[in-house]
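In: A predicted structure for the sequence below; I have some questions about it.
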Amino acid sequence: MTGLANRSREFKKGIDSEQGRRNRNDTRLQLRKNKREEGLQKRRAMNTAAASDASGSNSNSTANQDLPKKRFTLVDIPTLVTVFQNVSATEDDILNSITGFRKMLSVENSPPVAEVIEANMIAKFVQLLTHSNEKIQFEAAWALTNVASTEFTRTVVEHGALPYLVQLLMSGNADVREQSAWCLGNIAGDATDLRDLVLEAGALDSMVANIQNPANDSLLTNVVWALSNLCRGKPQPALELVAPAIPHLCKIIESGKEDALMDACWALSYLSDGNDARIDAVVSTGITSTLVKLLKSDNATIVTPALRTLGNFVSGNDTHTQAVIDADVMNVVLPLLNHHKKNIRKETCWLLSNIAAGNHGQINSLVSRPEILSAVLKLVHNAEWEVRKEATWVASNIATGGNALHVHCLVELGGITSLCSVIDSADPKILLVILEAIQSILRVGEANGRDYIGFVDECDGLDKIENLQEHENNHVYEKAVFIIETFFGVDEGEDENLVPTIDGDTFAFGLPTKAMEDDAVDAPQQPLQLFNF
């Protein structure tokens, strides 16, 4: 292999066929910052009239009927604690006391969790999960749910709540099942080691059973959310532990129930985030077409996880990518490139960049839609930086992985201008991606008699590349020098017209005026006509 080829291979490490198709790892932190779009890892159960009556509105008991009128605070803790120290306390006394603690922990601002823990009440709450009275079970699970929604999640686990909460997932009372799932969801959402403990306790099978036969929509929504927390987090849970949930999550998505559908989509996005085996476990269910249809939704909270899941699919192998293309994704992405939400535009570009990293037929599915590619190039040229970076990957993958016709179409739509516009504002990694794309474009132009070198110069690309010779990153510097020497350097044997002649006391280069005028007339222009496929 020649030195030039070795050099080219070295510089292409950053965007070869394996890395041109990218997963979410390099941008995960940014994408996960907006919890409103991804759904909360934890949820607190607030005091509401509906919730207060959830576990026994038909009961003849007069216990806690007046409790909604009372606001419980720190000063009530000693009084509530004494109930549990009284061996003669009735069920109504216990119910009133645990309800008081629950209401205290359900306040919106600064619930006194630490004070309740200091009063040694967590162990008592866990013990009440085994009480024969379902209303007491419900209130205890609710109180533990709100403790688990804070930084004291581990305290709930350390007091042995997991097996009892899992057992209550099969309670005859739907409200108790729902509250137990809610608490387990908070625990699983706190940390991956706690998530794994919830899985080891057998929660997934019981959650799936509730999804199969939900008592009501509220229970279904909360159980699906809790189940999504069993699927999320890095390191990921073993696929064999969570795979049994996949077909049931797909049925929820196909059912069209919007609240549960959103969390089911997030669950699939977590499950399909990774290697080909994880992606295949979801793609093989046949859910791809339904997910593509969801991209048409006016609800961004639905579009976002569906788009993320499809993006995971196309980060897999060519078969996975083709499944998304065959589901007509190209017919729905254009509005997403113009979406008012930045993350949706960004994720759409990421999806398209991985299609552009596929085989020539898959690249063709994108290039043959000039309206889509034009919208992408517009984002390269003028969008928020995070969006520009993803859009740049689309153009780069076409330039480096496409055939000559694909490259020509990219150029005709203004690809060179768009790529060069990013040079002076890019980080080193993206700079190398851009320079590799420009190098590939120039080689295609050179091989096909097209003056793409002139296009680069026209949009000030050459000046920008020359400035990169001062770049602090050595790889960027070397790539810039390589492009300049290869495509813009002076031929061996200097042109005699460039040899200066003496005219009086001054030097003048001997390029004839007529030749300069001709060059100006023949200066290359961006062609306007598009290729037809």
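Out: Noted; the coordinates are in hand.

In: what segments of the stretch 1-150 of the chain are helices?
Out: Taking DSSP state H, counting those that start in this stretch, the helices of the stretch 1-150 of the chain run over residues 3-11, 17-20, 28-31, 35-38, 49-52, 77-85, 91-105, 113-118, 122-128, 134-148.

In: my error: substitute the stretch 401-533 of the chain in the last question.
Out: 404-412, 415-422, 428-447, 452-458, 461-467, 474-483, 513-521.

In: got the buried residues for the first one?
Out: The one in question is helix 404-412. Using 16 or more other Cβ atoms under 10 Å as the test for burial, helix 404-412 gives 405-412. Bear in mind the C-beta positions are built from the backbone N, C-alpha and C, glycine included.

In: go on, the third one?
Out: Of the residues in helix 428-447, those buried under the neighbour-count criterion (16+ other Cβ under 10 Å) are 430-445.

In: same thing with stretch 94-112?
Out: Quick answer for stretch 94-112 (16+ other Cβ under 10 Å): 94-107, 111-112.

In: need the buried residues of helix 404-412 in TSV (columns: distance to residue 486 and pLDDT).
Out: TSV is the format used below for the buried residues of helix 404-412 (distance: Cβ to Cβ, whole Å; pLDDT from 0 to 100):
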residue	distance to residue 486	pLDDT
405	23	97
406	22	98
407	17	98
408	20	97
409	24	97
410	20	98
411	18	98
412	23	97
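
In: can you give me the neighbour number for residue 275?
Out: Residue 275: 12 surrounding residues under other Cβ atoms under 10 Å.

In: please apply the same query to residue 135.
Out: The tally of other residues near residue 135 (other Cβ under 10 Å) stands at 24.

In: what's the answer for the one 10 residues further on, then?
Out: Applying other Cβ under 10 Å, we find 27 other residues in the vicinity of residue 145.

In: likewise residue 198?
Out: What residue 198 shows, counting by other Cβ under 10 Å, is a neighbour count of 26.

In: who's in contact with it?
Out: The contact partners of residue 198, taken as Cβ atoms under 8 Å, 6 or more residues apart in numbering, are 162, 166, 184, 187-188, 230.

In: which one of those residues is nearest residue 379?
Out: Minimum distance to residue 379 across the contacts of residue 198 is 35.8 Å, recorded for residue 230 (Cβ to Cβ).

In: how near is the closest one to residue 157?
Out: From residue 230 over to residue 157 the distance is 15 Å, taken as Cβ to Cβ, to the nearest Å.

In: which one of those two has more residues nearby?
Out: Set side by side, residue 230 and residue 157 show more neighbours around residue 230, with 24 against 19, by other Cβ under 10 Å.

In: how about the nearest residue to the more buried one, chain neighbours excluded?
Out: The shortest distance from residue 230 to any non-neighbouring residue, by Cβ to Cβ, 6 or more residues apart in numbering, is to residue 188 (5.2 Å).

In: right, and that neighbour touches residue 201 too?
Out: No. Contact status for residue 188 versus residue 201: not in contact, 10.3 Å apart, counting by Cβ atoms under 8 Å.

In: quick one, strands of this protein?
Out: Under the criterion DSSP state E, strands of the chain are mapped to 500-503, 506-509.

In: mean pLDDT lowest where, among those strands?
Out: The weakest mean pLDDT among those belongs to strand 506-509, with a mean of 41.

In: show me the shaky parts of the chain.
Out: Along the chain, segments meeting pLDDT under 70 span 1-40, 44-69, 490-533.

In: got the end-to-end distance for stretch 157-165?
Out: The first and last residues of stretch 157-165 sit 10 Å apart, counting by Cα to Cα, to the nearest Å.

In: in that stretch, what's buried?
Out: By 16+ other Cβ under 10 Å, the buried positions in stretch 157-165 come out as 157, 159, 161-162, 164-165.

In: tabulate those in JSON lines, adding columns for distance to residue 241.
Out: Output for those, formatted as JSON lines (distance: Cβ to Cβ, whole Å):
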{"residue": "157", "distance to residue 241": "18"}
{"residue": "159", "distance to residue 241": "25"}
{"residue": "161", "distance to residue 241": "21"}
{"residue": "162", "distance to residue 241": "15"}
{"residue": "164", "distance to residue 241": "21"}
{"residue": "165", "distance to residue 241": "18"}
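
In: might you report the residue contacts of residue 313?
Out: 272, 279, 282-283, 288, 320-321, 323-324.

In: change it to 10 Å
Out: By Cβ atoms under 10 Å, 6 or more residues apart in numbering, the residues touching residue 313 are 268, 272, 279-280, 282-283, 287-288, 291, 319-324, 327, 329, 351, 354.

In: ok, residue 283 next?
Out: 272, 276, 291, 309-310, 312-313, 316-317, 319-321, 323-324.

In: ok, now which ones touch residue 456?
Out: Taking Cβ under 10 Å, 6+ apart as the criterion, residue 456 is in contact with 416-417, 419-420, 438, 441-442, 445, 462-465, 483, 487-488, 524.

In: again, only this time at 7 Å
Out: Contacts of residue 456 were listed using Cβ atoms under 7 Å, 6 or more residues apart in numbering, and they are 416, 420, 438, 462.

In: what separates the closest residue to the last one other than its chain neighbours from residue 192, distance-wise?
Out: Sequence neighbours aside, residue 456 is the residue nearest to residue 462 in space, at 5.6 Å (criterion: Cβ to Cβ, 6+ apart). As defined by Cβ to Cβ, residue 456 lies at a distance of 48 Å from residue 192.

In: for residue 451, same thing?
Out: Residue 451 is 55 Å from residue 192, by Cβ to Cβ.

In: same deal with residue 443?
Out: To residue 192, residue 443 is 46 Å away according to Cβ to Cβ.

In: next one: residue 344
Out: Applying Cβ to Cβ to residue 344 and residue 192 gives a distance of 28 Å.

In: next one: residue 155
Out: 18 Å.

In: more crowded one of these two?
Out: Neighbour count, other Cβ under 10 Å: between residue 155 and residue 192, residue 155 has more, with 19 against 14.

In: closest one to residue 375 among the helices of the stretch 401-533 of the chain?
Out: Residue 375 lies closest, by Cβ to Cβ, to one member of the helices of the stretch 401-533 of the chain: helix 415-422, at 11.3 Å.

In: so which elements touch that closest one?
Out: Other helices and strands packing on helix 415-422, by 3 or more Cβ pairs under 7 Å, 6 or more residues apart in numbering; DSSP states H and E, are helix 370-381, helix 385-401, helix 428-447, helix 452-458, helix 461-467.

In: columns distance to residue 262 on top of these, output as JSON lines?
Out: Shown next, in JSON lines, are those (distance: least, Cβ to Cβ, whole Å):
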{"stretch": "helix 370-381", "distance to residue 262": "26"}
{"stretch": "helix 385-401", "distance to residue 262": "23"}
{"stretch": "helix 428-447", "distance to residue 262": "32"}
{"stretch": "helix 452-458", "distance to residue 262": "45"}
{"stretch": "helix 461-467", "distance to residue 262": "44"}
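
In: so which of the ones you listed gets nearest residue 248?
Out: Smallest distance to residue 248 across the helices and strands packed on helix 415-422 (Cβ to Cβ): 32.4 Å, for helix 385-401.

In: same for that closest one, what does it pack against?
Out: Against helix 385-401 (3+ Cβ pairs under 7 Å, 6+ apart) you get helix 17-20, helix 342-355, helix 360-367, helix 370-381, helix 404-412, helix 415-422, helix 428-447.

In: and the nearest residue to residue 162 once chain neighbours are set aside, what does it touch?
Out: Nearest residue to residue 162, sequence neighbours excluded (Cβ to Cβ, 6+ apart): residue 201, at 4.5 Å. Each residue near residue 201 by Cβ under 7 Å, 6+ apart is listed here: 162-163, 166.
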